[in-house]
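Enquirer: Based on what follows, work out the 3D shape:
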Amino acid sequence: MQPPSKTAVDAFLGGRVAIEQPAAGYRAAMDPVLLAAAVPVVNDRGRMAGGPVLDLGCGVGTAMLCYAARVPHARVVGLERDPGLVALARRNAAANKMADRVEVLAGDILRPPQLAAAGGFAQVMANPPYHEAAGAEASPDPMRDAANREGEARLSDWIEAMLRAAAAKGGLTLIHRADRLSEILALLRGRAGAIRILPLWPRQGQAAKRVVVQARKGVRGPDVLLPGLVLHGNEKEGPRYTPDAEAVLRGGEALPLQTADAASR
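Expert: Numbering: from 1, shown residues only. Below you'll find the model as predicted:
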């Protein structure tokens, strides 16, 4: 399948990454950038830093290309089931001069190709659909609906796929709705530990709508609730980002959910 006929190019990380995506329907914005910023740089005891990393449901490639821009030597693999988005993700990798170290696979997380299910990835990231199939109204736009509402694959399937793909002691990082945090923790319990939870506050004093959750496969360790990130300043100032959010979203800085020493053990 060819990519959508009408597309637009959006800049991320202050212009360091250019993403071509469908002009209508679902458009990648802040969440995949925050996800990419939370994935640790893997040293893996002296071997090449930054890889391999897997992005499940990579869409047009926003998260994986933002990660690859932050970690210049990273090897990244994306998995996407929509053929049109696969074509766009590959085109974006080439346009950003990363095709030599970013690979995009066509496949479903329920039936992934062997590479994505082999358990050899040091880090696995995902931005699963936020809404349960029965708990949200279907969008008339099929692409937007698939991005926002669970289909055949439920949240449990996404986390199962992440665990299956990760190497022993490998990292899992996902961004999701704050009101589904208890479900995420229950699905990880006994299978991944050293869990870090980073709330994303829309503004100071407002309840978090999103959380970044990170864990390590087969590792024991206490859960840690981190201070979190306030995304926007005072409402009177408009939708401007806080300096800390600006540093991540436009400056390309990392969201430190765990220390480098912990990531490489």
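
Enquirer: Hmm, L198 and R210 touching each other?
Expert: No: counting by CB atoms under 8 Å, R210 does not reach L198; the two are 9.2 Å apart. C-beta coordinates here come from the backbone N, C-alpha and C atoms, glycine included.

Enquirer: who does the helix or strand hosting V9 pair up with?
Expert: Element membership of V9, judged by DSSP states H and E, is strand 7-12. Paired strands of strand 7-12, with direction, are strand 17-22 (antiparallel) (DSSP bridges).

Enquirer: Give me the contacts around the partner strand.
Expert: 3-4, 6-12, 27-28, 59-62, 65-66, 69, 88, 91-92, 95-96, 143 (CB atoms under 8 Å, 6 or more residues apart in numbering).

Enquirer: In strands only, show me these.
Expert: T7, A8, V9, D10, A11, F12 (DSSP state E).

Enquirer: Excluding residues flanking it in the chain, which one is nearest the fifth one?
Expert: On the basis of CB to CB, 6 or more residues apart in numbering, the spatially nearest residue to A11 that is not a chain neighbour turns out to be A18, at 5.7 Å.

Enquirer: what about that neighbour, neighbour count?
Expert: The burial count assigned to A18 is 14, neighbours taken as other CB atoms under 10 Å.

Enquirer: And it, how far from A8?
Expert: To A8, A18 is 11 Å away according to CB to CB, to the nearest Å.

Enquirer: do V33 as well
Expert: 17 Å.

Enquirer: So for these two, which sits in the more crowded spot?
Expert: V33 (23 against 11).

Enquirer: Can you read off the pLDDT for the more buried one?
Expert: Looking at V33, its pLDDT reads 97.

Enquirer: where's G193, which helix or strand?
Expert: Using DSSP H and E, G193 falls in strand 192-203.

Enquirer: ok so, going back, what's the ChimeraX syntax to select whichever of the ones in strands among the contacts of strand 17-22 are buried?
Expert: In ChimeraX syntax, the buried subset of the ones in strands among the contacts of strand 17-22 is picked out as below (16 or more other CB atoms under 10 Å):
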select :7,12
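
Enquirer: For R101, state which of the ones in strands among the contacts of strand 17-22 is nearest.
Expert: F12 (17.9 Å; CB to CB).

Enquirer: Mind naming the longest helix for the chain?
Expert: Scanning the chain for the helix with the most residues, using DSSP state H, yields helix 83-95.

Enquirer: Which other helices and strands does it contact?
Expert: strand 17-22, helix 62-70, strand 76-80, strand 102-106 (3 or more CB pairs under 8 Å, 6 or more residues apart in numbering; DSSP states H and E).

Enquirer: which one of these lies closest to A116?
Expert: Closest among the helices and strands packed on helix 83-95, using CB to CB: strand 76-80, at 4.8 Å.

Enquirer: Adjacent strands (with direction) for that closest one?
Expert: The pairing partners recorded for strand 76-80 under DSSP bridges are strand 53-56 (parallel), strand 102-106 (parallel).

Enquirer: Quick one: closest of the ones you listed to A161.
Expert: strand 53-56 (5.8 Å).

Enquirer: Extract the C-alpha set from the closest one and format it as PDB.
Expert: Output of strand 53-56 as PDB, limited to C-alpha atoms (Å, rounded to 0.1, in the frame of the first residue of the first chain):
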ATOM      1  CA  VAL A  53      16.000  -0.600  20.500                       C
ATOM      2  CA  LEU A  54      12.600  -1.600  19.400                       C
ATOM      3  CA  ASP A  55       9.600   0.800  18.900                       C
ATOM      4  CA  LEU A  56       6.400  -1.200  18.800                       C
END
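
Enquirer: what separates that strand from the chain centre, distance-wise?
Expert: Centroid separation for strand 53-56 versus its chain: 8 Å, with CA atoms, centre = their mean, to the nearest Å.

Enquirer: who touches it?
Expert: 39, 42, 61, 63-64, 67, 74-79, 109, 116, 121-126, 158, 161-162, 165.

Enquirer: Figure out the helix or strand that A161 lives in.
Expert: Applying DSSP H and E, one finds A161 within helix 155-165.
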